[in-house]
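Trainee: A predicted structure for the sequence below; I have some questions about it.
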Amino acid sequence: MVINCDFSAQDANWNNCGNLVEAYTFETTYGGSNPTNRVAEIDHEPVTLCQNISGFIPGKIYQLKFKASRRTQTPTPATVGAIVKIDGGALLQTVTRTNTSFSLTDETFTFFATQTTHQLTFVPTAG
């Protein structure tokens, strides 16, 4: 299993896929308690966050793991979500959150690599 490949955490090597990125800031901004943990906000605006990841072997199984939460400041709709895509037809899933307090909880998706380099994309859901 390849762990992390060329994936970069925090704000390193993320780009905005041609749109404005809302923020890369500390989780305390969104209602969390960790003053050093950095998060990216994906909002209702046309904000798409993406990163190219290389080192895959086509046909092999991989896991994508990340943590997600709903922000707790107002205004915040009751349900928020993001579409998680890995290009090349490898993955298309939707993550939703309805929590009323900031709580980064794990998400894990399994996918088959279809090419050696994939683009990981997070797109806000409607609403």
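Mentor: Good, I have the coordinates.
Trainee: what about K67, neighbour count?
Mentor: The burial metric for K67, expressed as a neighbour count using other C-beta atoms under 10 Å, is 12. For the C-beta atoms, the positions are set from N, CA and C on the backbone; glycine is no exception.
Trainee: Correct me if wrong: it contacts T105.
Mentor: Yes. Contact status for K67 versus T105: in contact at 6.3 Å, counting by C-beta atoms under 8 Å.
Trainee: burial count for the closest residue to L49 other than its chain neighbours?
Mentor: Spatially, and ignoring its direct neighbours in sequence, L49 is nearest to F122 (4.6 Å; C-beta to C-beta, 6 or more residues apart in numbering). Other residues near F122 number 20, with proximity taken as other C-beta under 10 Å.
Trainee: Show me what the strand or helix carrying F122 is packed up against.
Mentor: In the assignment (DSSP states H and E), F122 maps to strand 117-124. Contact here means 3 or more C-beta pairs under 8 Å, 6 or more residues apart in numbering; DSSP states H and E; on that basis strand 117-124 packs against strand 49-54, strand 80-86.
Trainee: need the contact list for the residue nearest to L49.
Mentor: If you count contacts by C-beta atoms under 8 Å, 6 or more residues apart in numbering, F122 has them with 40, 42, 48-50, 82-85.
Trainee: how near is V95 to K60?
Mentor: Counting by C-beta to C-beta, to the nearest Å, the separation of V95 from K60 is 23 Å.
Trainee: where does this structure have low pLDDT?
Mentor: Counting by pLDDT under 70, the low-confidence segments of the chain come to 1-24, 43-46, 73-76, 127.
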